[in-house]
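Student: Need coordinates for the following:
(chains A and B)
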Amino acid sequence: MMQKLWLKKPTLNYNKDVLDIVQFGSSVEDGKTPEDIDIAVIFNKIPLKEQLDGAQEIKRQLETLLEIPIHINSFDFYSLFDSSNFAKESILFYGKSIIHGDDFAKRFGFSPRIQIYYSLEKLKKKDKIRFNYMLNGRGGEYGLFREHKGKLLKPGLIEINPEFENIFVGSIKEFKVDFKVRRVLLG
Amino acid sequence: MNKEEILIKAGKEYFYSGNDEFDKGRHNSAVVLYFKALVSFSDLYVLQKTGNTPSSHTDRFKITKEKFPEVYNLLDKDFPFYQSSYVQIMSKELAEVIKDDAKIMAEKTNTKL
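Tutor: Okay, the predicted model is just below:
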């Protein structure tokens, strides 16, 4: 899918004050059909006008690669972490660096992970088996773990990459089991 | 009043009101008003060049993207801040940037501020 820009690491021209270009929002989540692409351009501390002009230059280049609208935001580290920036958690935790082709959080030394705690206590035995098949696969078919690089940390606790949260949560919900999602940054 | 006179009057009014809000430190209001001034002067520019005015934001973006990319670039750059001014705190620096863009369009339309 072309909207996974961060996996393609497109060649872009940008000035030396650009620290990173981050894709975030629904376009980085598997299992969703985004209507637009959210991009955050992270700058050194330079005047806002230069940030906005620089971000527009990048937007123009990205528009040639995509068929859906791009929403571009420019930040320096002060504005990125400002309390008025409601998108900061999404950028930091779910954001993917288009420059580096990896999690934006890794620029800070952290790996973002989703941990899903669940209980199968209320399920019938046959549904527990179905649940197990869903995660691990059956008869040569891939399960969610193999397909989306998830792992079982211990019985009742799954760990996955953030982009697969929607897929795992959606699948688990179908079993009507109790579950809880935690977002963690591993050091 | 004809269309051109209306757009000039509206653009100037928004711009000066933006200055009033800016001077009071009300940057969200200033951003909204400066952006509205920018739109009025952009529409005036389109009117001067084509004889017609855009009927909506969608129309405005479409026309300027096709015919006046330098104007489109200003609108496209600043529009997200106008949209988010309801839910985000706008900075003094941002208000100044949009004020400058409104001035650029005023100059392009020979409107004296």
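
Student: Who are the contact partners of the residue in chain A positioned nearest to chain B?
Tutor: With CB to the nearest CB, the shortest gap between chain A and chain B falls at A:Ser84, namely 4.1 Å. Using the backbone N, CA and C atoms, a C-beta is placed for each residue, glycine as well. Going by CB atoms under 8 Å, 6 or more residues apart in numbering or on different chains, A:Ser84 touches B:Gln88, B:Ile89.

Student: Please settle this for me: is it part of a helix?
Tutor: No - secondary structure of A:Ser84 (DSSP: H, G, I helix; E, B strand; the rest coil): coil, not part of a helix.

Student: Grab the longest helix from chain A for me.
Tutor: helix A:48-63 (DSSP state H).

Student: Show which residues not belonging to that one make contact with it.
Tutor: By CB under 8 Å, 6+ apart, the surrounding residues in contact with helix A:48-63 are A:5, A:10, A:12-15, A:17-18, A:21, A:37, A:39, A:41, A:43, A:70, A:72-76, B:73, B:76-77, B:91, B:93-94, B:97, B:100.

Student: Go ahead and build a ChimeraX selection from the buried members of those.
Tutor: Only the buried entries of the contacts of helix A:48-63 go into this ChimeraX selection, using 16 or more other CB atoms under 10 Å in any protein chain shown:
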select /A:5,14,18,21,37,39,41,43,70,72,73,74,75,76 /B:73,76,77,91,94,97
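
Student: coming back round to it: next structured bit after the longest helix of chain A?
Tutor: Sequence order places strand A:70-75 as the next helix or strand after helix A:48-63, per DSSP states H and E.

Student: tell me what the next helix or strand along the chain from that following strand is packed against?
Tutor: Sequence-wise, the next helix or strand downstream of strand A:70-75 (DSSP H and E) is helix A:77-80. The contact analysis (3 or more CB pairs under 8 Å, 6 or more residues apart in numbering or on different chains; DSSP states H and E) places helix A:77-80 against strand A:37-43.

Student: The strand it packs on near chain B anywhere?
Tutor: No - for strand A:37-43, no contact with chain B is found by CB under 8 Å from any CB of the partner chain; the gap never falls below 10.8 Å.

Student: in its sheet, what does that strand sit against?
Tutor: strand A:18-24 (antiparallel), strand A:70-75 (parallel) (DSSP bridges).

Student: Give me the contacts around that strand.
Tutor: A:3, A:5, A:14, A:17-27, A:50-51, A:54-55, A:58-59, A:62, A:66, A:68-77, A:80, A:87, A:90-91, A:95, A:98.

Student: Apply 6 Å and report the result again.
Tutor: Contacts of strand A:37-43 with the rest of the structure, by CB atoms under 6 Å, 6 or more residues apart in numbering or on different chains, involve A:3, A:17, A:19-25, A:27, A:51, A:55, A:58, A:70-76, A:91.

Student: just how off-centre is it within its chain?
Tutor: Mean-position distance between strand A:37-43 and its chain equals 14 Å (CA atoms, centre = their mean, to the nearest Å).

Student: what's the angle from it to helix A:48-63?
Tutor: Counting by axes from the mean of the first three to the mean of the last three CA atoms, to 10 degrees, strand A:37-43 points 140 degrees away from the direction of helix A:48-63.
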